[in-house]
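Participant: sequence and predicted model, in that order:
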Amino acid sequence: MRILFIDIDTLRPDHMGCYGYERCTTPNMDRVCAEGIRFDQYYCSDAPCLPSRASLVSGMFGIRNGAVGHGGTAADRRLTGPERDFTDMVDENCFHNIFRRAGMHTASVSTFPERHSSWWFNAGFNECYNVGGRGGESGERVLPVALDWLKRNEGRDNWFLHVHFWDPHTPYRAPESFGNPFENEPMHTWIGEETLELHKRHTGPHSINELSMYDDSTNPKFPRMPGSADDMAGLKRIMDGYDCGIRYTDTLVGQILDLLRAQGIYDDTAIIITSDHGENMGELGIYSEHATADYPTCHIPFILKWPGGKKGISESGLHYNLDLLPTMAELLGVKPGENWDGKSYAKAVMEGAEAGRDSLVISQMAHVCQRSARFGDWLYVRTYHDGFHLFDKEMLFNIRNDPHEQHDVKAEHPEVCAVGAKIILDWHDEQMLKSDSPIDPMMTVLHEGGPYHARGHLDAYLKRLEETGRAEGAAKLREKYKRA
């Protein structure tokens, strides 16, 4: 069997045609979707990049594997401790080793391990290719390596190939020669002029005034990436930059698929298309950043074309990305790991049966410290460090009616908040009892100075807020964080 895993960084499902987007961003991936299964409620358990892949690869929630942030102690996966054998069982039972155990030759084209010093990601691969861009490269450097591997392995059976593209991630870096396919197309956005004016008064990094996180600086190497936006034309430039990154990636994916077709193996190749996380594109006043434990950041696409599996259907059950481990193990006849937190949805793949969970708990510790419960129509968000966005401790959104989180309805539905809080509490207790450590890594993040992307920036940001007409927000931050 052959399996191709397309890993596209920072890809929102609702910016893909197969998920209903009106712009033509993903024609090649849409075709794969039509030949397989689209999962509509798929989430990373831990956001953003490093924590998401740590959970996927280890099969454990971040609260157990320890890697929940982008810096400090909690950016590293925990050591196993005295129980560690000659090889670490976390690596022995990792996602990539599922395919090795199934008799496959495994290869990866990705700069993720070097970008985040997360070398555990390479466990289970026979071959690893690093083009050296540390996540700053465009796909034009990745594609030739992937195509070359496929050409050199033509005629070979039983392989798993992981190909990782960063292009939708900021800074938007699709080559200038690609142009802008959406230059003369309108935006398809929920943001109007009134909302944009409200967002221009927002307090917090990666607002419409500070797309570079804490300021509006730009880099001439990335002409598609503005530092801020003042009007609807500026907003369109942001949306076009993101969508161009997606469309450009789709063209690269299309070339890989075309090669599989030319080699006569496309129909018999399993294809997985997914992302590590989504992206805030105006939700909660945040732009071009994966900064929260909410719907736009943690909701990710998942498309699976599986030979012998269901075709042309969608599945609406709640799933974590770490559920992929037991699913692949079951589909490939591999014994599951004893410490995995995932739940197989192989029946959805082979029979079209609903195989989702009743609820999910999703987490973010790199930009903010939040844990959220996703259940029914609801998203309940609990904030422990707001990353200078002045979020309330509790927020509640009806995702079915309000997917862009414009209306916090906690005051109207305290009973729903109670349900969400209990889901998080029960999940926390269960995970801590299963954990080999008595320490919740979120507490480590908080005690080491807060989320990595919020450390050391507050004083300069307070000054910027005051200089850009947002003194009221600065005053609230000064009071909250005890600044003179």
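Facilitator: Yep, it's here.

Participant: R374 contacts L318, doesn't it?
Facilitator: Yes - taking C-beta atoms under 8 Å as the definition, R374 is a contact partner of L318 at 6.5 Å. To be clear about C-beta, it is placed using only N, CA and C from the backbone, and glycine gets the same treatment.

Participant: anything in contact with each of these two?
Facilitator: Counting by C-beta atoms under 8 Å, 6 or more residues apart in numbering, the residues touching both R374 and L318 are Q41, Y43, S359, L360.

Participant: tell me which helix or strand V349 sits in.
Facilitator: helix 346-351 (DSSP states H and E).

Participant: sheet-wise, list the partners of the following helix or strand past that helix with their directions.
Facilitator: Downstream of helix 346-351, the first helix or strand assigned by DSSP H and E is strand 359-364. Its sheet considered, strand 359-364 pairs with strand 46-47 (parallel), strand 369-375 (antiparallel) by DSSP bridges.

Participant: so what touches strand 359-364?
Facilitator: Contacts of strand 359-364 (C-beta under 8 Å, 6+ apart): 43-48, 51, 61-63, 68, 291-294, 297-298, 318, 320, 370-375, 423-424, 427-428, 442.

Participant: now do the same for V145: its pLDDT.
Facilitator: According to the prediction, V145 has pLDDT 98.

Participant: pull the number of nearby residues for it.
Facilitator: For V145, the count of nearby residues is 15 (other C-beta atoms under 10 Å).

Participant: got it, and H277?
Facilitator: 27.

Participant: sec struct for it, please.
Facilitator: Look at H277: counting by DSSP: H, G, I helix; E, B strand; the rest coil, its state is coil.

Participant: for P403, see how far away it is.
Facilitator: In this view, H277 and P403 are 16 Å apart by C-beta to C-beta, to the nearest Å.

Participant: coming back round to it: buried deepest among the strands paired with strand 359-364, which one?
Facilitator: strand 46-47 (a mean of 33; mean count of other C-beta atoms under 10 Å).

Participant: list the contacts of that strand.
Facilitator: 52, 54-55, 61-62, 67-68, 277, 290, 292-293, 297-298, 362-366.

Participant: if we can go back for a sec, can you tell me which of the contacts of strand 359-364 are buried?
Facilitator: Neighbour-count burial (16 or more other C-beta atoms under 10 Å) is assigned, among those, to 43-48, 51, 61-63, 68, 291-294, 297-298, 318, 320, 370-375, 423-424, 427, 442.

Participant: can you tell me which of the residues you listed are in strands?
Facilitator: Y43, D46, A47, L318, Y320, Q370, R371, S372, A373, R374, F375 (DSSP state E).

Participant: start to end distance for stretch 331-345?
Facilitator: 10 Å (C-alpha to C-alpha, to the nearest Å).

Participant: show me which positions of it end up buried.
Facilitator: L331, L332, V334, P336, G337, W340, D341, G342, K343, S344, Y345.

Participant: try stretch 90-110
Facilitator: Those would be 90-91, 93-100, 102, 104-110, for stretch 90-110 by 16+ other C-beta under 10 Å.

Participant: what's the answer for stretch 214-224, then?
Facilitator: Y214, D215, D216, F222, R224.

Participant: excluding covalently adjacent residues, which one is nearest to the second one?
Facilitator: For D215, the nearest residue in space outside its immediate sequence neighbours is R464; the separation is 6.4 Å by C-beta to C-beta, 6 or more residues apart in numbering.

Participant: pretty sure that neighbour sits in a strand.
Facilitator: No - under three-state DSSP, R464 sits outside any strand and is assigned helix.

Participant: I'd say G20 and R12 touch.
Facilitator: No - in terms of C-beta under 8 Å, G20 does not count as a neighbour of R12; the distance is 11.5 Å.

Participant: between those two, point out the one with more neighbours.
Facilitator: R12 (24 against 11).

Participant: ok, the closest residue in space to that one that isn't next to it in sequence - contacts?
Facilitator: Leaving aside its sequence neighbours, R12 sits nearest to G278 (C-beta to C-beta, 6+ apart; 4.3 Å). Counting by C-beta under 8 Å, 6+ apart, G278 makes contact with T10, L11, R12, P13, H290, Y295, P296, T297, C298, H299, I300.

Participant: over to D268?
Facilitator: By C-beta under 8 Å, 6+ apart, D268 lies in contact with M1, R2, P307.

Participant: so the last one, which state does it fall into?
Facilitator: Which is P307. coil.

Participant: that one and I271, how far apart?
Facilitator: From P307 over to I271 the distance is 10 Å, taken as C-beta to C-beta.

Participant: what's the helix or strand harbouring P113 packed up against?
Facilitator: For P113, the element it lies in under DSSP H and E is helix 112-115. If you count contacts as 3 or more C-beta pairs under 8 Å, 6 or more residues apart in numbering; DSSP states H and E, helix 112-115 packs onto helix 49-58.

Participant: which residues touch the helix it packs on?
Facilitator: The contact list for helix 49-58, computed with C-beta under 8 Å, 6+ apart, reads 9, 44-46, 61-62, 65, 67-70, 75, 77, 90, 94-96, 112, 115-116, 118, 120-121, 123, 276-277, 290, 320-322, 324-325, 363-366.

Participant: same thing with stretch 248-259?
Facilitator: Contacts of stretch 248-259 (C-beta under 8 Å, 6+ apart): 4, 6, 8, 11, 25-29, 31-32, 138-140, 142-143, 146-147, 150-151, 163, 165, 167-168, 174-175, 178, 266, 271, 273.

Participant: buried residues of it, list them for me.
Facilitator: Y248, T249, D250, T251, L252, V253, G254, I256, L257, L259.

Participant: mind checking how far that stretch is from the chain centre?
Facilitator: From the chain centre to the centre of stretch 248-259 is a distance of 21 Å (C-alpha atoms, centre = their mean, to the nearest Å).

Participant: repeat for stretch 350-367
Facilitator: That offset, for stretch 350-367, works out to 13 Å (C-alpha atoms, centre = their mean).
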